[in-house]
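Trainee: Build the 3D model from these lines:
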Amino acid sequence: RFICIYPAYLNNKKTIAEGRRIPIDKAVENPTSAEIQDVCAAVGFNVLLEKNKMYPREWNRDVQYRGRVRIQLKQDDGNPCLPQFPTRKSVMLYAAETIPKLKSRTQKMGGSDQSLQQGEGGKKGKGKKKK
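Mentor: Modelled structure (predicted):
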């Protein structure tokens, strides 16, 4: 009774054709399988992280896009393990809602101004090289 959740299911950078399974306004920017695992384990699910698995529709082979989280949604008798999460969609919506509140995300946001500026500078440099 385990379900699989790939990071692409919750990614607001993806279209539905690319694998997003929840509304874009509720989706998260580039979630990782480790973040999904942390959120689900914290709420009390039986969670298993498979780091080397990849979503079949994912064309990018980078490490950040790898991973799959297996969650025990129902017990052997068919009853939900946690009554507040009866369906896989309820689990995905909860994970997408909670991931932005993680400490790792909030700390990254504080330092993201500098990284954004560096990224813009890098983009300009790449543009100059192409010309």
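Trainee: dump the residue contacts of the residue nearest the centre of the chain.
Mentor: By C-alpha atoms, centre = their mean, the chain has its centre lying nearest to residue 31, at 2.9 Å. Counting by C-beta atoms under 8 Å, 6 or more residues apart in numbering, residue 31 touches 7, 10, 11, 95, 96, 99. Yep, even glycine has a C-beta here, placed from its N, CA and C like the rest.
Trainee: which outside residues touch the helix or strand containing the fourth one?
Mentor: Pointing back at residue 95 there. Using DSSP states H and E, residue 95 sits in helix 88-98. Applying C-beta under 8 Å, 6+ apart, the contact partners of helix 88-98 are 3, 5, 9-10, 21-22, 26-28, 31, 36, 39-40, 43, 45, 71, 73, 84-85.
Trainee: Helices - which of those land there?
Mentor: Among these, the members falling in helices are 36, 39, 40, 43 (criterion: DSSP state H).
Trainee: So which of those residues is the closest to residue 54?
Mentor: Distance to residue 54 across the ones in helices among the contacts of helix 88-98 (C-beta to C-beta) is lowest for residue 36, with 14.6 Å.
Trainee: in this structure, which ranges drop under the pLDDT threshold?
Mentor: Within the chain, the set of residues satisfying pLDDT under 70 comprises 108-131.
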